[in-house]
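In: requesting a structural model of the entry that follows:
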Amino acid sequence: MTEVRHFLDLDRIPGDVLRRILDLAAACKRGEALGGAPLAGRSLAMIFEKPSTRTRVSFEVAIAQLGGSAVVLTPTEMQIGRGETIADTARVLSRYVHAVMMRTNDPEKLAELARHATIPVINGLTDRSHPCQLMADVMTFEELKGPIAGRTVAWTGDGNNMTLTWAQAAARFGFALRIASPPELALPEDELAWAREEGANIFTTTNPAEAAEGADCVVTDTWVSMGDAQAERRQRLLDPYRVDEALMRRAEDDAIFLHCLPAHREEEVSTGVMDGPQSAVWDEAENRLHAQKAILAWCMGAVPA
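Out: Sure thing, here's the model as predicted:
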């Protein structure tokens, strides 16, 4: 029996496979790959326990462009919202569709879905990681600045799911990562352990200027998620970590700015940076479509392992 190709986290997939997926994504964007309808007759179930704009639209358009179709599911529309287990949901969906994408708070729900599904499961985001976004981010960097290996990326802000996924990417793609976070919101060192054991060059600091100095790319993310009871405290702690024009001047002159969106202007990023010449956020958002076409094709076996 062929092994199921899940796309759960970057640390679960070898670097050479991730590189082939990225190369395929770039070819998809150029219109040079996956001609015709390689996923004709295939279907993707998309489970959204968290709201989404980019994830929903990019996956739904991606599967359609590859010749397949998508079914959108939310807890209020599923028996999972009325007590059916994740395991049973996985078993049922495996009989109906060819892959499942899940966007959820709880990474254990995603893991349980993958354990019991006989079809590929794709991580559309959890509170722990966001690997599809990172594939689009690396793709964007390399479009604009060439190979990311040996370059320097600066993260400033909360130690969150994006921070961890950037650390995993540093190990897989060979770039240096500098992380600037307030001590109270820093990513725990044990979360960085895997990447460091894999040889990733990761430097942590509480000083965003130190992280950004000479960097090729500066990245941040939203400070406060929907319904966060600690919003005011987080705002106070993270205010010095805003990416503004002064911080971007610390980076290389041709450095780019990335943000997975949605952005809260004048909170984690100034409008001047967001709309400025170094911002690549719209290319980054577009590249979710192309990266996910490649991920879908790989997961569903339309391309070699």
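In: so which bits of the helix or strand bottoming out on mean pLDDT in the chain are buried?
Out: Within the chain, no helix or strand scores below helix 231-238, which has a mean of 92 by mean pLDDT, DSSP states H and E. By 16 or more other Cβ atoms under 10 Å, the buried positions in helix 231-238 come out as 234, 237-238. The C-beta positions use only the backbone N, C-alpha and C, and glycine is treated the same way.
In: return the member of those residues nearest to residue 257.
Out: For the buried residues of helix 231-238, the residue nearest residue 257 by Cβ to Cβ is residue 238; the value is 16.8 Å.
In: for the closest one, give me its contacts.
Out: 157-158, 182, 185, 223, 268 (Cβ atoms under 8 Å, 6 or more residues apart in numbering).
In: neighbour count added to these, as TSV?
Out: As requested, the contacts of residue 238 are arranged in TSV below (neighbours: other Cβ atoms under 10 Å):
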residue	neighbour count
157	28
158	25
182	18
185	18
223	21
268	25
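In: which SS class is residue 158?
Out: coil (DSSP: H, G, I helix; E, B strand; the rest coil).
In: point out where the stretch 101-250 of the chain drops to low pLDDT.
Out: For the stretch 101-250 of the chain, applying pLDDT under 70 flags the ranges 225-229.
In: could you pull out the helices for it?
Out: Ranges of helices within the stretch 101-250 of the chain are 107-116, 131-145, 161-173, 189-197, 208-212, 231-238, 245-250, based on DSSP state H, counting those that start in this stretch.
In: for the fourth one, name the packing helices and strands.
Out: Spelled out, it's helix 189-197. helix 161-173, strand 202-205 (3 or more Cβ pairs under 8 Å, 6 or more residues apart in numbering; DSSP states H and E).
In: quick one: which of those is nearest residue 244?
Out: Comparing the helices and strands packed on helix 189-197 by Cβ to Cβ, strand 202-205 comes nearest, at 17.9 Å.
In: any idea how far that closest one is from the chain center?
Out: Relative to its parent chain, strand 202-205 has a centroid offset of 20 Å by Cα atoms, centre = their mean, to the nearest Å.
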